[in-house]
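Coordinates for the following, if possible.
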Amino acid sequence: MMFVYLSKKIAIPSTSQLLCVSWDKENGFIGCSGENGLLKVFRLEGKEDGRNSSLTSNQALDGHNGSVLVVKWNELHQRLTSSDQHGLIIVWTLHKGQWYEEMINNRNKSMVKGMDWNSDGRKICIAYEDGGVIVGSVDGSRIWGKEIKGETLADVAWSPDSRIILFALGSGKIDCYDSSGNLMCPLEAQSKWKTVCGTKIASMKWFNSRYVYPDPDVPSLCISYKNGFVALLKDEMDTEPIVFNSKLRISCCQWNQNGTVFGIGGSYLGSPSSDQEIINAIEFYSAYGEPLSVLKVPGKNFTSFSWEGMSLRIAITVDTNLYFATVRPGYKWCSFGNTIAYAFNKADKLETYIMFWDAKNNERYVKSFRQVNAICEGNEHCLIAARTEEGKECLIWCNTLGTPIDSRMIGFSATYLSSAQNYLTGASPYYVCVWNLRSTNSTFGTSPEEKISSSVSYYHLKNGILIPCRLPLDVPNPDENNSKITCLGTSDKLMLIGTESNIQIYTASDMKLVGTLETKSKPVRLSLNFSVTKLAVIDINGNLTMFELRPYMELTSDNLGMWLDFERKDVWDIRWAPDNPDMFAIMEKTRMYIFRGTEPEEPQQSNAHLCSFKDLEVKAVQLDELLKNPEFPKKDHFVTMEVKSLRDTRSLLQQVGTKEATAFVEKHPHPRLWKLIGETALNSFNNWFSVAFSF
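As a prediction, the model looks like this:
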């Protein structure tokens, strides 16, 4: 799951409304503009989670008199381009740590509606509201210019290969031009959505594939409309675009650095009871238009946002304030045994790679796939949903070395995975497949030779419930569904299906619906404790709630259990202890909490992803740091955090003695604590009674 939360607020010392923000992804500079000629450049130094971060290189740039509407970085040539309401364009350059005015262009006819540098930073295309277009070079030379007659312009975008320029017209039409300014054709696929999207284009962004190897099968062009509709295309020739309604009044859209996520920012009206209060938000989606997370932003007038270079932070302009948000990406990874498996890409390769890293022995095994959709752990193994070189979707069951033990071709792309002792589950927004595992042994083998015989059953979410279906699967009809599948949760006897409006509970043996739990908002993570008596639910807003389930034999549609009086905000990860049904660990912003029931211990500072919670120790991995250089993970990326009772017992043994520590453990019994006392007494050879009592 992906989660985003606000981590810092900076009030710009001015009464001017902020209008635009742009983050230089290569060098870390932030350009921020507003009314009355406001233009500032600064850096944010410090931790990416927002802790102890501060502004440096804070410089005001003078030169504009009107509202500065557009700010664009040329990252490869370290230039900043700004434009105001009067059409004045200034190019700024860095010299000896200070920004200076390098070039000025003033057409004196119309304001600039869009500027875009091409992928190598050598050309800039400027689109004026009155239809004027200028393409210039990085050294200030004019390459060509033209007037688009009878039209106003709303935005401009270069294609990733710099061959094509798209112009969004005021009429809502989008025209394709070649790099020399010759009209090629209107955007062919636009006729498929123009009737619902309207005519006012808010923003048009074509992902710059300079950072990753371009995948022709993944949408990279995002066109957003002010009425909330969004169209996603693979390229200008795509005739089957993905179109959806975000229900936002969209102001802008932006891709993250690797093109896997885009955000659309804007506002929508609250409920009638709130007097139509405006609520600002940024909604985050996958490249295929699947919703991932929502960040609500305080204030009245939301204007823009921009991703940081590693896509772990976002800068946001609202009113006279600059906000920073921290992003917890939805990494494709899992932890099983001593192994951590995670997916990553290389800038010069189309394939996706999975690293199987034995963190204990620091051994690495890398496997390549055409595309990886999801990863999950289970039974000391790893389940991978991937696409083969032939374009077929499959599930692969791997051991700790990344060696496939078994695999099954399935009829859809699984984006949600879950595993239980005897079966594996994969799901898309409309389909579920259940892979039943049958082995002669009680546990799974770890060698490829110990094959597992199995069968796969398919189910289709239709009219709100799962019904059996067969291959080949029909194309899903959204009209038949009042919601989509959003997450999975499994145990040996129960299967839980999270949808946009509820959580459905099925028997794992025959997939019969037991009952439904209504939810206030869309669940994105379901986690059962080992005794299947409590269900933790994290929703798309990061709210954690808890449901207490009735025993399996007592479950009925009228008596599933009850919601507990428990809620935590800003939660993005959870792990249950395997030896205590009431103990669990959660990640809440940059803090790790241990809970016994509903009572938390003192938090520990961390931004690591939870791997396991066993023997009063939480093991976690710092994926943000690890994935900066994914081919060479270090043991430093792996961290261990102890529960308070374990820390207190260790402290008593070191500072007081075994007698006081034994008294403490008698009040807080746990096998790990008794083992610690026994080991300490054994090493000291002075308390044989404690040794015998502990073991």
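
where along the stretch 251-400 of the chain do the strands fall?
Assigned by DSSP state E, counting those that start in this stretch, the stretch 251-400 of the chain shows strands spanning 261-269, 278-286, 291-297, 302-307, 313-318, 321-328, 333-336, 339-345, 352-358, 363-369, 371-378, 381-387, 393-398.

Between those, which one is closest to Lys675.
For those, distance to Lys675 was read as CB to CB. The smallest value, 23.5 Å, belongs to strand 333-336. For every residue, glycine as well, the C-beta is placed using N, CA and C.

so where do the helices sit in this structure?
194-197, 623-626, 644-655, 658-667, 671-684, 688-694 (DSSP state H).

Looking at these, which one is packed in the most?
Comparing the helices of the chain by mean neighbour count (mean count of other CB atoms under 10 Å), helix 623-626 ranks first with a mean of 20.

for that helix, the distance to its chain's centre please.
14 Å (CA atoms, centre = their mean, to the nearest Å).

Same check on stretch 426-437?
Using CA atoms, centre = their mean, the offset of stretch 426-437 from its chain centre is 22 Å.

quick one: the strands in the stretch 51-200 of the chain?
54-60, 68-74, 79-84, 88-95, 98-106, 112-117, 123-128, 132-137, 142-147, 153-158, 164-169, 174-178, 183-186.

Those: which one's closest to Lys200?
strand 153-158 (7.7 Å).

just to revisit the earlier point, can you tell me which of the strands of the stretch 51-200 of the chain is nearest to Asp624?
Here strand 54-60 is closest among those (CB to CB), at 19.8 Å.

Report the angle between the closest one and strand 88-95.
130 degrees (axes from the mean of the first three to the mean of the last three CA atoms, to 10 degrees).

follow-up on the earlier one: and the strands of the stretch 51-200 of the chain as JSON lines, adding mean pLDDT and mean neighbour count?
Converted to JSON lines, the strands of the stretch 51-200 of the chain look like this (pLDDT from 0 to 100; neighbours: other CB atoms under 10 Å):
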{"stretch": "strand 54-60", "mean pLDDT": "80", "mean neighbour count": "13"}
{"stretch": "strand 68-74", "mean pLDDT": "96", "mean neighbour count": "24"}
{"stretch": "strand 79-84", "mean pLDDT": "96", "mean neighbour count": "24"}
{"stretch": "strand 88-95", "mean pLDDT": "95", "mean neighbour count": "18"}
{"stretch": "strand 98-106", "mean pLDDT": "93", "mean neighbour count": "14"}
{"stretch": "strand 112-117", "mean pLDDT": "95", "mean neighbour count": "22"}
{"stretch": "strand 123-128", "mean pLDDT": "96", "mean neighbour count": "24"}
{"stretch": "strand 132-137", "mean pLDDT": "95", "mean neighbour count": "18"}
{"stretch": "strand 142-147", "mean pLDDT": "94", "mean neighbour count": "13"}
{"stretch": "strand 153-158", "mean pLDDT": "95", "mean neighbour count": "23"}
{"stretch": "strand 164-169", "mean pLDDT": "94", "mean neighbour count": "22"}
{"stretch": "strand 174-178", "mean pLDDT": "94", "mean neighbour count": "19"}
{"stretch": "strand 183-186", "mean pLDDT": "88", "mean neighbour count": "12"}
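
Can you say which of the ones you listed is nearest to Tyr213?
With CB to CB as the yardstick, what comes closest out of the strands of the stretch 51-200 of the chain is strand 153-158 (18.4 Å).

The closest one pairs with which strands?
The strands beside strand 153-158 in its sheet (DSSP bridges) come out as strand 164-169 (antiparallel).

wait, isn't Thr152 in contact with Gly131?
Yes - using CB atoms under 8 Å, Thr152 is in contact with Gly131, at 6.2 Å.

if we can go back for a sec, can you put the strands of the stretch 51-200 of the chain in CSV and add distance to Phe412?
CSV is the format used below for those (distance: least, CB to CB, whole Å):
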stretch, distance to Phe412
strand 54-60, 47
strand 68-74, 40
strand 79-84, 45
strand 88-95, 49
strand 98-106, 51
strand 112-117, 36
strand 123-128, 40
strand 132-137, 44
strand 142-147, 47
strand 153-158, 32
strand 164-169, 32
strand 174-178, 31
strand 183-186, 33
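
Show me what counts as buried in stretch 210-223.
Applying a neighbour-count criterion of 16 or more other CB atoms under 10 Å, one finds Arg210, Tyr211, Val212, Pro214, Asp215, Val218, Pro219, Ser220, Leu221, Cys222, Ile223 buried in stretch 210-223.

mind checking how far it is from the chain centre?
Stretch 210-223 sits 17 Å away from the centroid of its parent chain (CA atoms, centre = their mean).

same check, this time on stretch 233-253
19 Å.

Also stretch 515-522?
23 Å.

repeat for stretch 198-210
20 Å.

For Tyr552, find the nearest of the strands of the stretch 251-400 of the chain.
Going by CB to CB, the one of those nearest Tyr552 is strand 371-378, 19.8 Å.

ok, and the helix or strand in this protein with the lowest average confidence?
helix 688-694 (a mean of 49; mean pLDDT, DSSP states H and E).

List the contacts of the spatially closest residue to Asn361 that is not a sequence neighbour.
Closest residue to Asn361 apart from its sequence neighbours, by CB to CB, 6 or more residues apart in numbering: Asn338 at 7.3 Å. Asn338 sits next to Asp358, Ala359, Lys360, Asn361, Thr400 when contact means CB atoms under 8 Å, 6 or more residues apart in numbering.

The same query, at a cut-off of 7 Å, please.
For Asn338, the contacting residues are Asp358, Ala359, Lys360, by CB atoms under 7 Å, 6 or more residues apart in numbering.

for Leu94, same thing?
Gln78.

what do you get for Ala620?
Ser606, Ala608, His609, Leu610, Cys611, Val639, Met641.

same question, Asn245
Gly228, Phe229 are the contacts of Asn245 under CB under 7 Å, 6+ apart.

Show me the shaky parts of the stretch 151-300 of the chain.
Scanning the stretch 151-300 of the chain for pLDDT under 70 picks out 188, 192, 194-195, 269-276.

same check, this time on the stretch 551-695 of the chain
Residues of the stretch 551-695 of the chain that meet the criterion pLDDT under 70 lie in 684-695.

one more time with 50, if that's ok
688-689, 691-692, 694-695 (pLDDT under 50).

I'd say Ser418 and Gly489 touch.
Yes - Ser418 is within contact range of Gly489, at 6.3 Å (criterion: CB atoms under 7 Å).

what sits opposite Leu461 in the beta ladder?
With DSSP bridges as the rule, Leu461 is bridged to Leu466.

Please apply the same query to Ala620.
Counting by DSSP bridges, the residues bridging with Ala620 are Leu610, Val639.

Could you number the chain from 112 rather than 1 from now on?
Happy to do that; since the first residue is 112 now, the last one works out to Ala731.

What distance do you get for it to Phe523?
Shown here: Ala731 relative to Phe523, a distance of 32 Å by CB to CB, to the nearest Å.

and what of Glu500?
Glu500 sits 18 Å away from Phe523, going by CB to CB.

Between the two, which is the more surrounded one?
More crowded of Glu500 and Phe523, by other CB atoms under 10 Å: Phe523, with 21 against 10.
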